[in-house]
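Asks: Have a look; sequence and predicted model below, questions after that.
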Amino acid sequence: MVELVILGSGGSIPTLKRNHPAYLIRHEGWNLLFDCGEDAQRRIEPYGNNRKMAIFISHNHADHMLGIPGVLLRFSLLGRIKPMSIYAPAELIEFIKVAQSTIHLGTTFEATVYGVEPGVVFSEKDFSVRAFEVEHRGKAFGYEFTYQKPTGTFLPEKAKELNIPKGKLWSRLAKGENVHLEDGRQVRPEDVSLHPEKGLKIVYSGDTRPCDNVREAAKDADILLHEAMYTEEHSELAAERGHSTAKEAATIASECNVGLLILTHYSPRYEDGEVIIREAKKYFPNAVLARDLMSVKLNHDGNTEIVTPKN
Ligand SMILES: [Zn+2]
Ligand SMILES: [Zn+2]
């Protein structure tokens, strides 16, 4: 099971109920934090200070990254020991390092900052995070989280059929490795396995105009977390400021066969966001509005379960 927790559903201007952007994916002992807006420290603390952790920043606008010093400070005060990795656009590396050195953050643990380029930036045994460029103002990324079972069930009868000698080669194939046979043939694990269990995919758009890189990442995603700063009424503003409307986000979800669309980063001019979700549902019915502290559990069969906080 993978859990997505909305720590902050706000846009550039936070409100009493909606913090700056911060989205937490929890999976197998990991906390993966996507964007780290101001005050993310209070929201993330209940989810575990001493879990393994990595932070991924979409771009260098203040609403998406001013929370980094606070998180480092908070975790340091809580006595965190485990190291932490921060993946951020290159322009931010200096900012984070200066914050660390001048205000003595993260003294109980090591926080290492890496520059992000498009491609896989982080991988563990069965999940990975890929960055892709989006169209905002300046360099900006979206992220794709993928959980993939490494192999399906190994089928010995298939291996026999293909005249693969039993022994080491069989166990390497069962572990998901490609093997070369003496006769020059190459055999891939999928040639001798049942199809792997369907993987799970969560895509975060960051701040962006609708663009092909988001479409490509969002193809068949179980969850698309997409910004929807405006409604169609303000589509000119969306184009001018590098954001999307609710209709545009919903159209992408529909084109890309997405399971669940979560709309976030909507302007406070729309107050509780009802007008945003109403517009989106016309184009993609399985859409919900992000609310702070809403949790979405994504099960291995791709089904989702949403828990919304009461207040
Ligand atoms: Zn923003
Ligand atoms: Zn921005």
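Replies: Yes, it's here. Ligands and ions are numbered 1, 2, ... in the order given.

Asks: Just the strands from the stretch 151-300 of the chain, written as ranges.
Replies: Listed in chain order, the strands of the stretch 151-300 of the chain (DSSP state E, counting those that start in this stretch) span 179-180, 186-187, 200-204, 223-227, 260-264, 287-289, 295-298.

Asks: Partner strands of the third one and their direction?
Replies: Using DSSP bridges, the strands paired with strand 200-204 in its sheet are strand 141-147 (antiparallel), strand 223-227 (parallel).

Asks: Mind putting those strands into JSON lines with mean neighbour count and distance to ligand 2?
Replies: (Each C-beta comes from the backbone N, C-alpha and C, glycine too.) Below are the strands paired with strand 200-204 laid out as JSON lines (neighbours: other C-beta atoms under 10 Å; distance: least, C-beta to the ion, whole Å):
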{"stretch": "strand 141-147", "mean neighbour count": "25", "distance to ligand 2": "11"}
{"stretch": "strand 223-227", "mean neighbour count": "28", "distance to ligand 2": "9"}
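
Asks: right, and those strands - which one's nearest ligand 1?
Replies: Closest to ligand 1 of the strands paired with strand 200-204 is strand 223-227 (C-beta to the ion; 7.2 Å).

Asks: what's in contact with that closest one?
Replies: Contact with strand 223-227 is made by 4, 11, 23, 201-208, 214, 218, 243-244, 249, 252-253, 256, 258-266, 290, 296, 298, 304, as judged by C-beta atoms under 8 Å, 6 or more residues apart in numbering.

Asks: out of those, who's near ligand 2?
Replies: Of the residues in the contacts of strand 223-227, proximity to ligand 2 by C-beta under 5 Å from the ion holds for Asp207.

Asks: Give the ChimeraX command for selecting the buried subset of the contacts of strand 223-227.
Replies: In ChimeraX, a selection of the buried entries from the contacts of strand 223-227 looks like this (16 or more other C-beta atoms under 10 Å):
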select :4,11,23,201,202,203,204,205,206,207,208,214,218,243,244,249,252,253,256,258,259,260,261,262,263,264,265,266,290,296,298,304
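
Asks: Not counting sequence-adjacent ones, nearest residue to whichever residue of the stretch 51-200 of the chain sits closest to ligand 2?
Replies: Proximity of the stretch 51-200 of the chain to ligand 2 (C-beta to the ion) peaks at His61, 3.5 Å away. Distance criterion C-beta to C-beta, 6 or more residues apart in numbering; nearest residue to His61, sequence neighbours excluded, is Asp207 at 6.8 Å.

Asks: So the one you found sits against Ile57, correct?
Replies: No. The pair Asp207 / Ile57 is not scored as a contact, 11.6 Å apart, by C-beta atoms under 8 Å.

Asks: any common contacting residues for those two?
Replies: Applying C-beta under 8 Å, 6+ apart, one finds that Asp207 and Ile57 are jointly contacted by His64.

Asks: Could I get the buried residue list for stretch 116-133?
Replies: Those would be Val116, Val121, Phe122, Phe127, Val129, Arg130, Ala131, Phe132, Glu133, for stretch 116-133 by 16+ other C-beta under 10 Å.
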